[in-house]
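>>> only geometry, no sequence info:
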């Protein structure tokens, strides 16, 4: 009877040990999943921020080009007016 009792106790102990390992593995898998999810969030946020920065830079470049073109147009108009005055005097 003692052999049967010891065998049952050994089987129960091995079963509990196996369950403990399975629990540790599940916790590790959950931690890995959380890490992966956090990294994916960081990658998406970084990409979105980079896109926003690029769009802002493009908009600022366009404004700078427009200001430059306007200044050039004003200079051209002044030159044309001076030429017209010069031609009228001749």
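Okay, I see it. None of these values were measured; they are calculated from a predicted model. Residues are numbered from 1 along each chain as shown.
>>> okay, CA-based contacts and neighbour counts for the rest of this
Will do.
>>> all helices of the protein, in order?
In the chain, the helices defined using DSSP state H lie at 2-89.
>>> neighbours around residue 62, how many?
12 (other Cα atoms under 10 Å).
>>> before we move on, what about the one 3 residues further on?
Neighbourhood size, residue 65 [other Cα under 10 Å]: 12.
>>> next one: the one 3 residues further on
The tally of other residues near residue 68 (other Cα under 10 Å) stands at 12.
>>> contacting residues around it?
By Cα atoms under 8 Å, 6 or more residues apart in numbering, no residues touch residue 68.
>>> Geometric centre of the protein: which residue is closest?
Nearest to the geometric centre of the chain sits residue 46, at 1.9 Å (Cα atoms, centre = their mean).
>>> okay, that residue: pLDDT?
At residue 46, the model reports a pLDDT of 84.
>>> And for residue 15?
Model confidence at residue 15 (pLDDT) stands at 66.
>>> now do residue 5
69.
>>> count of neighbours near residue 75?
Residues near residue 75, counting by other Cα under 10 Å, number 12.
>>> measure it to residue 69 for me?
10 Å (Cα to Cα, to the nearest Å).
>>> Equivalent analysis for residue 47, please.
33 Å.
>>> which ones are touching the residue nearest to the centre of the chain?
By Cα under 8 Å, 6+ apart, residue 46 lies in contact with nothing.
>>> which of the residues in stretch 81-90 are buried?
By neighbour count on 16 or more other Cα atoms under 10 Å, the buried set for stretch 81-90 is empty.
>>> Pull the distance from that stretch to the chain's centre.
Distance of stretch 81-90 from the chain centroid (Cα atoms, centre = their mean, to the nearest Å) equals 60 Å.
>>> can you check stretch 61-74 too?
So, by Cα atoms, centre = their mean, the centroid of stretch 61-74 is 33 Å from its chain's centroid.
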